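[1] Pasting the sequence and the predicted coordinates here, then a few questions.
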Amino acid sequence: MTFDEKTISVNGRSVRYWQDGEANSRVLLLLHGGIGDAYLNWSPGAPALVEHFRVIAPDLPGFGATAALPTMSVEALLEWIKQFLDALGIEQVALGGHAFGALLARLFAAAYPPYVVALIMINGGTIPNIPPAMRALSRIPIIGSSIFYLLARSTLSPTELARLVRAQDILNDTFAAQVQANLSGFAGMMRLLAVHPMPQKRTPPVPTLLLWGAEDEIVTLQEAERIKGALGDAVLSPIAGCANMPHVEAPEVFAWQVIQFIETRNRPSKPDLPGVGKLRG
């Protein structure tokens, strides 16, 4: 497996993305959250996924080697995703996202349903409820930027990362360096959630899987149940022993769940498939 690094220009700005499985006709587009870039999030599960899909994972604007947008808003990011797919000549995808990327995936599938055949939301997708006072502070240029950078640094401190990722062997120096390199991107994402209102279209009319690290103390299973209730026919599938990043902590289980949901979700599970013993619920 070679998760190839590629670049493309989207509306005059450089985008870095990772790709493998070009021989497959079906496309799986994966959107990372605030912890690190696309490669950190999706390279662990890619080897199993590319047996079935052309996997594409872009660095979101302001992360990795992708240029930030001149105006960062949720609406602008949704349009950016559309422009990215259009630039690659892709008409339909199965769309997955983690944390903030899950929220973007949810809103994109609601706004542009012809593009999305299935939706996978991983430990994220909640519509944020920002207090008015925080919204007001967020709009002050220097103060707002400083507040959210400090919040991002605190959220992704070594102590907090140990709560987000239960598999301690993952939290090595390379992982920490990639997280720190993307702090500004994470801060910008948090700030735009506080400043800009959410789109009105929030319920995707596509098959939806909520794939959840069952030990997540931040975005808990109870929150997953609330999202499931809001989305109607969504399927919730917890993964035991994982916290906020099951796609990194248990990549074979993550990949198996995605493949089963998209391809054969109406079949009974086979007990000899990879990772079945870690599934619960």
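    It's in. Residues are numbered from 1 along each chain as shown.
[2] so for the host helix or strand of residue 41, what's the average pLDDT?
    Secondary structure here is read from DSSP states H and E; on that basis residue 41 sits in helix 38-42. Mean per-residue pLDDT for helix 38-42: 97.
[3] what's the following helix or strand past that helix in contact with?
    Using DSSP H and E, the helix or strand that directly follows helix 38-42 along the chain is helix 46-49. Identification of contacts with helix 46-49 by CB atoms under 8 Å, 6 or more residues apart in numbering yields 1, 3, 18, 20-21, 28, 55, 57, 251-252, 255-256, 258-259, 274. In short, each C-beta sits where N, CA and C put it, glycine included.
[4] which one of the residues you listed is nearest residue 226?
    When those are ranked by distance to residue 226 (CB to CB), residue 258 comes first, at 22.4 Å.
[5] List the contacts of that closest one.
    Residue 258 makes contact with 28, 45, 49, 94, 96, 120, 209, 211, according to CB under 8 Å, 6+ apart.
[6] any chance you could map the strands in the stretch 1-150 of the chain?
    4-10, 13-20, 27-31, 54-58, 93-98, 116-122 (DSSP state E, counting those that start in this stretch).
[7] and what of the stretch 151-281 of the chain?
    According to DSSP E, counting those that start in this stretch, the strands that the stretch 151-281 of the chain contains are 208-213, 235-239.
[8] most packed of these?
    The highest mean neighbour count among the strands of the stretch 151-281 of the chain belongs to strand 208-213 (a mean of 26), with neighbours defined as mean count of other CB atoms under 10 Å.
[9] how much space between residue 99 and residue 205?
    23 Å (CB to CB, to the nearest Å).
[10] And residue 213, by the same measure?
    For residue 213, the distance to residue 205 - CB to CB - is 27 Å.
[11] Residue 74 now?
    Taken as CB to CB, the span from residue 74 to residue 205 is 19 Å.
[12] what's the answer for residue 43, then?
    With distances taken as CB to CB, residue 43 is found 31 Å from residue 205.
[13] neighbours around the closest residue to residue 14 other than its chain neighbours, how many?
    If you skip the residues right next to it in sequence, residue 14 has residue 67 as its closest partner in space, 5.2 Å away by CB to CB, 6 or more residues apart in numbering. The burial metric for residue 67, expressed as a neighbour count using other CB atoms under 10 Å, is 16.
[14] ok, back up a step: so can I have CSV of the strands of the stretch 151-281 of the chain showing distance to residue 164 and mean pLDDT?
    As requested, those are exported to CSV (distance: least, CB to CB, whole Å; pLDDT from 0 to 100):
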stretch, distance to residue 164, mean pLDDT
strand 208-213, 9, 97
strand 235-239, 14, 97
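[15] what would those look like in a markdown table with distance to residue 166?
    Shown next, in a markdown table, are the strands of the stretch 151-281 of the chain (distance: least, CB to CB, whole Å):
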| stretch | distance to residue 166 |
| --- | --- |
| strand 208-213 | 8 |
| strand 235-239 | 11 |
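[16] if I pick residue 261, what's in contact with it?
    Contacts for residue 261 were tallied using CB under 8 Å, 6+ apart; they are 118, 120, 207, 209, 235, 237.
[17] Just to check, residue 80 is in contact with residue 61?
    Yes. Assessed by CB atoms under 8 Å, residue 80 is found in contact with residue 61 at 6.2 Å.
[18] shared neighbours, the two?
    Among the neighbours of residue 80, those also in contact with residue 61 (CB under 8 Å, 6+ apart) are residue 69.
[19] where does the chain have low pLDDT?
    1, 130-140, 142-144, 264-281 (pLDDT under 70).
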